[in-house]
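> Take this sequence and fold it.
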Amino acid sequence: MTSSSPFRAAPKAGLFRASGLPKIAWGKGLTLVDSEGREYLDGSAGPAVYAIGHGNEEVNAAIKDQLDRIAHAYRYTFTSDPLEELQAIIAERCGGGLSQSVIVAGGSEAVESCLKIALQFQSAIGASSRRRFISRERSWHGNTLGALSVSGFAQRRAPFEGALIESSRLSPVNAYRPPEGVAPEQVAEHGAAELEAEILRLGPERVCAFIFEPVVGAAGGCVPAPPGYAKRVREVCDRHGVLMIADEVMCGCGRTGVWRALEEDGVEPDIMAIAKGLGGGYLPLGAAVFHERLAEAILASYGEVLTGHTFVGHTAACAAGVAVQRIVARDRLVEKVAADAPYLRAALQKALGDHPNCGDIRGRGFFLGIEAVADRETKEPFDPALQVFLRLREQAFENGLICYPAGGNVDGVRGDHAILAPPFIATRAELDEIVGRFATSFRQVMASL
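You can find the predicted model right below:
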């Protein structure tokens, strides 16, 4: 881009600093416009949130209509139509025994609630010795202390080490970067065997639950569970009385081309965290979804699920979620994602698949990760001092594209990737534009190194 470009780079101070960032003015569909009139194409739905794009008038009207009546009625004083409707929608979309939910204000709170539900269930059935959680490295489950404790994202954990809850973290399950001595086709079996070995090492009577992302998001860059992995994990958990928690905060609610990401794996978890796409970013929203058999035991022993904060079941947020999910169902947007996903993947493969610094293109549905490497043959990552993932973010932003890069996906320090997760409503012309701008940005950054 020349100096006359209408786009500007994000500040180099870091992803989460407000100073120096452009000020948002408005958005519509996939387009965002800042206060100086510069336009940006949202190629990642922010952090994989804006499932139906920005400025949807139908959703805005539903929120306004609810605000005209009441914004929020405290969940422990009143129930509400939006709350009950949203819970019914979630139960219908999940199917099977996943009929119960606690509606919360976001992904971290959803994961925190999942952990508490797991602990409460184990206590309810007389297994109060089961306090330990097992998760994986290269995972991200949220910012609360409990969710952070089970996360394997070194950069985000580092400032809080020493205050986190003790947990076990297993190897990543990544066919592109298998554990040493393990063939790519053996990664699924190796991961399941490692889980069982850790359960036996700790003692099954001490293990509460195993939590994992069916498609790893920010910490790994859209790494999907290898074929057969989730079913083997289900078998291991069932054999030892360990609960399975699926963290679908990023990959759920239709982003992978099915409403539950684990549907593709033929597995039903005991507990599931959802957020981001549930309300599409119109108001803060998430949910901890759990199996009816857990609810029966918890209610019999305690009378209620002991998790939730002031804004559990927030009325206006639930109204937003109902409106978003009605649009997703009516317009068959999950089916659209499934239909357009091969097109997006093929376009990205054509644009960057042969680039010497493009190591891997992976993911499911509208949730794709591109891993940058210094050497394609050896898969050697770039020196982390180069901050390639931040360079990708800044260059794409300068080119008018929003993507979602992160670092440390190889070993917690090394590794650079970027996520493309377009809103479900993206047309094929918009998908082409996203791929084109990203490929241009990728080549510019690699040429600059």
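
> Other residues contacting stretch 368-375?
176, 220-223, 344-345, 348, 352, 357-363, 379-383, 388-389, 392, 409, 415-421, 438, 442, 445-446 (C-beta atoms under 8 Å, 6 or more residues apart in numbering). C-betas here are computed from N, CA, C, even on glycine.

> Determine the number of other residues adjacent to the closest residue to residue 36 other than its chain neighbours.
Spatial nearest neighbour of residue 36, excluding adjacent residues (C-beta to C-beta, 6 or more residues apart in numbering): residue 22 at 7.0 Å. Using other C-beta atoms under 10 Å, the number of residues around residue 22 comes to 17.

> Wait, residue 420 touches residue 41, no?
No - applying C-beta atoms under 8 Å, one finds residue 420 not in contact with residue 41, separated by 11.0 Å.

> Now the common contact residues for the two.
Common neighbours of residue 420 and residue 41 (C-beta under 8 Å, 6+ apart) are residue 434.

> Mind checking which of these two has more residues around it?
Legend: neighbour count by other C-beta under 10 Å for residue 420 and residue 41, higher for residue 420 (27 against 23).

> how close does that one get to residue 385?
26 Å (C-beta to C-beta, to the nearest Å).

> and what of residue 172?
From residue 172 to residue 385 the distance is 23 Å (C-beta to C-beta).

> Comparing those two, which shows the higher neighbour count?
residue 172 (23 against 6).

> surely the more buried one meets residue 138?
Yes - in this structure residue 172 lies within contact range of residue 138 using C-beta under 8 Å: 4.0 Å.

> Mutual contacts of the two, please.
Contacts common to residue 172 and residue 138, judged by C-beta under 8 Å, 6+ apart, are 152, 216, 220, 223.

> Leaving out sequence neighbours, find the closest residue to the spatially most central residue of the chain.
Computing the C-alpha centroid of the chain and ranking residues by C-alpha atoms, centre = their mean puts residue 250 first, at 1.7 Å. Residue nearest to residue 250 in three dimensions, not counting chain neighbours: residue 217, with 3.6 Å by C-beta to C-beta, 6+ apart.

> my read: the one you found touches residue 419, true?
Yes - using C-beta under 8 Å, residue 217 is in contact with residue 419, at 7.2 Å.

> Any buried residues in the worst-scoring helix or strand of the chain on mean pLDDT, and which?
Within the chain, judged by mean pLDDT, DSSP states H and E, the helix or strand with the poorest mean is helix 154-157; its value is a mean of 90. Neighbour-count burial for helix 154-157 flags 154, 156 (criterion: 16 or more other C-beta atoms under 10 Å).

> and it, what other elements does it pack with?
Contact partners of helix 154-157 among helices and strands, from 3 or more C-beta pairs under 8 Å, 6 or more residues apart in numbering; DSSP states H and E: none.

> quick one: that helix to chain centroid distance?
Helix 154-157 sits 17 Å away from the centroid of its parent chain (C-alpha atoms, centre = their mean, to the nearest Å).

> what's the average pLDDT for the following helix or strand past that helix?
Going down the chain from helix 154-157, the next helix or strand is strand 168-170, by DSSP states H and E. Mean pLDDT, strand 168-170: 98.

> buried set for the helix or strand following strand 168-170?
Per DSSP H and E, the first helix or strand lying C-terminal to strand 168-170 is helix 187-202. Neighbour counts over helix 187-202 (16+ other C-beta under 10 Å) mark 187, 188, 190, 191, 192, 194, 195, 196, 198, 199 as buried.

> now swap in stretch 314-324 and tell me
By neighbour count with 16+ other C-beta under 10 Å, stretch 314-324 contains the buried residues 314, 315, 316, 317, 318, 319, 320, 321, 322, 323, 324.

> you'd agree the residue nearest to the centre of the chain is up against residue 219?
No - look at residue 250 against residue 219 with C-beta under 8 Å: they stay out of range, at 10.1 Å.

> Show me which of residue 217 and residue 419 is the more surrounded one.
The neighbour comparison of residue 217 against residue 419 (other C-beta under 10 Å) goes to residue 217, with 29 against 24.

> where does that one land on pLDDT?
Residue 217 is given a pLDDT of 97.

> From residue 168, how far out is it?
To residue 168, residue 217 is 21 Å away according to C-beta to C-beta.

> try residue 334
From residue 334 to residue 168 the distance is 34 Å (C-beta to C-beta).

> overlap in contacts of residue 217 and residue 419?
Among the neighbours of residue 217, those also in contact with residue 419 (C-beta under 8 Å, 6+ apart) are 48, 367.

> residues touching the residue nearest to residue 24 when sequence neighbours are not counted, list them.
Nearest residue to residue 24, sequence neighbours excluded (C-beta to C-beta, 6+ apart): residue 34, at 6.0 Å. Residues near residue 34 by C-beta under 8 Å, 6+ apart: 22, 23, 24, 25, 40.

> Over to residue 101?
Residue 101 neighbours (C-beta under 8 Å, 6+ apart): 87, 90, 91, 287, 288, 289, 290.

> one step back: on the three-state scheme, the residue nearest to the centre of the chain is what?
Put simply, residue 250 is coil when judged by DSSP: H, G, I helix; E, B strand; the rest coil.

> What pLDDT does the model give residue 147?
For residue 147, the model assigns a pLDDT of 97.

> So the closest residue in space to residue 333 that isn't next to it in sequence versus residue 61, what's the distance?
In space, and not counting its chain neighbours, residue 333 is closest to residue 424: 4.1 Å by C-beta to C-beta, 6+ apart. For residue 424, the distance to residue 61 (C-beta to C-beta) stands at 20 Å.

> So between these two, which is more surrounded?
residue 424 (28 against 11).

> separation between that one and residue 341?
11 Å.

> which residues are common contacts for these two?
The contact lists of residue 424 and residue 341 share residue 366, where a contact means C-beta under 8 Å, 6+ apart.

> give me the number of residues near the nearest residue to residue 313 once chain neighbours are set aside?
Using C-beta to C-beta, 6+ apart and skipping the chain neighbours, the partner closest in space to residue 313 is residue 75 (3.9 Å). Residues near residue 75, counting by other C-beta under 10 Å, number 20.
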